[in-house]
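**Student:** Sequence first, then the predicted structure:
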Amino acid sequence: MKNTKELRTWLDDMKLDHPLVIAGPCSAETEEQVLKIAHELKDSDVNYYRAGIWKPRTRPGNFEGVGALGLKWLQKVKEETGMKTCTEVANTAHVKLALEHDIDLLWIGARTAVSPFIMQELADALHGTDKIVLVKNPINPDLALWLGGIERLYTADIKNLGAIHRGFSTYEKTKYRNTPEWQLAIDFKNRFPDLPLINDPSHITGNRDMIFDVSQTALDLNFDGLMIETHFDPDNAWSDAAQQVTPDTLKQIMRDLKIRKETNSEADYTKSLENLRAQINVADNQLVDIVGKRMKIADQIGALKKEKNVAVLQSKRWNEVLGNMILEGEKVGLSEEFVLKMFKAVHQESINHQEKVIKG
């Protein structure tokens, strides 16, 4: 995709005075539930009403969606509220049914986006459609795979395209359900600044109490919108209960979010500065996380040395590490003085951790 400017047309045509907002329940459960939530969101900043119709779960046996019946409920949402509708599609049968029911926006999920074979089948099924099609990032942090799926759709003459950042799976436990890997999303925007990018804080956090902070970070990084799962009774939702917010909470989040607009040259500077600072915040958080992981390894080394009665300080090993890091630092423009100071501090903290383990 050498020229992506035309891909912003659908978003620019909406002439919004706020980021795009997609909201609604994780799953369509009953007609009454779908319509009740829709009416509570009608007079809000929500631009598209979402509801999962087909919900294949990680493991079978859980609620997997109401199927095509839910599409009729979405039609009623449009008739009664005037809101545009959207749902996830994962195969060609889903596409056919969604188009027959005039769903306005379709998104392709993270588990589907990992397969070039499925993405090509969906591209063929959607060929030439004027519907908006958004692609969630694959579950694994692979920028090329994400872009490859979007390119298949673009090649199929689908111009109303965009992407959804919903975080990435990891074996390690973190405070997130799916780690945001903000740097990957930043790289995505830097490579394709004209491709609309929506943030999905619900799937990133898995925790409604974290929705606001992740949403604000996304807006600070110039994301074009948010997809937030919303339910009138989140605790009793049939799927992903912990990450859904009430319509009233969503409205409050929208009021509290700081949305920076371009108005003049000074505003341009402020917006650019805030964007760069947001990137710095992401990088700083990653630094702390990496150092924390290093110290956990140091604890393990301390335990091993204690078991084998080995001294904490290993001068030969330390000098080798320091020499290698000075060379690596030069490659990325870091001065030798800075690398020495930083790694001496890291090394001292590692020694402190090991001594604590040995003396414990």
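**Tutor:** That came in fine, so what should we check first? Since the structure is predicted, the reported quantities are computational estimates derived from the model, not experimental observations.
**Student:** is it true that residue 130 touches residue 160?
**Tutor:** Yes - counting by CB atoms under 8 Å, residue 160 is a contact partner of residue 130 at 6.3 Å. Using the backbone N, CA and C atoms, a C-beta is placed for each residue, glycine as well.
**Student:** higher neighbour count, those two?
**Tutor:** Between residue 130 and residue 160, counted using other CB atoms under 10 Å, the more crowded position is residue 160 (20 against 8).
**Student:** how much space is there between that one and residue 276?
**Tutor:** Distance, residue 160 to residue 276, using CB to CB, to the nearest Å: 30 Å.
**Student:** can you check residue 43 too?
**Tutor:** Residue 43 is 36 Å from residue 276, where distance means CB to CB.
**Student:** out of those two, which sits in the busier spot?
**Tutor:** Neighbour tally, residue 43 and residue 276, criterion other CB under 10 Å: the higher count belongs to residue 276, 12 against 9.
**Student:** Phi first, then psi, for the more buried one.
**Tutor:** Taking degrees, to the nearest 10, you get phi -70, psi -40 for the backbone angles of residue 276.
**Student:** which stretch of helix or strand covers residue 111?
**Tutor:** Counting by DSSP states H and E, the element that carries residue 111 is helix 110-113.
**Student:** in that helix, what counts as buried?
**Tutor:** Buried positions in helix 110-113, judged by neighbour count with 16 or more other CB atoms under 10 Å: 110, 112, 113.
**Student:** contacting residues around the first one?
**Tutor:** It refers to residue 110. Contacts of residue 110 were listed using CB atoms under 8 Å, 6 or more residues apart in numbering, and they are 136, 137, 138, 139, 166, 203.
**Student:** rerun that using 7 Å as the cut-off
**Tutor:** Counting by CB atoms under 7 Å, 6 or more residues apart in numbering, residue 110 touches 136, 137, 138, 139, 166.
**Student:** Just these: which are in strands?
**Tutor:** Among the contacts of residue 110, the members falling in strands (DSSP state E) are residue 136.
**Student:** could the contacts of residue 110 be laid out in TSV, adding pLDDT, distance to residue 99 and neighbour count?
**Tutor:** Compiled in TSV, the contacts of residue 110 are given as follows (pLDDT from 0 to 100; distance: CB to CB, whole Å; neighbours: other CB atoms under 10 Å):
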residue	pLDDT	distance to residue 99	neighbour count
136	98	19	24
137	98	24	29
138	97	24	24
139	95	26	19
166	98	24	24
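**Student:** nearest to residue 255, of the contacts of residue 110?
**Tutor:** residue 166 (24.0 Å; CB to CB).
**Student:** hang on, residue 35 packs against residue 74?
**Tutor:** No - with contact defined as CB atoms under 7 Å, residue 35 does not reach residue 74; the gap is 9.9 Å.
**Student:** So for these two, which residue has more residues nearby?
**Tutor:** Using other CB under 10 Å as the criterion, residue 35 and residue 74 rank with residue 74 on top: 28 against 16.
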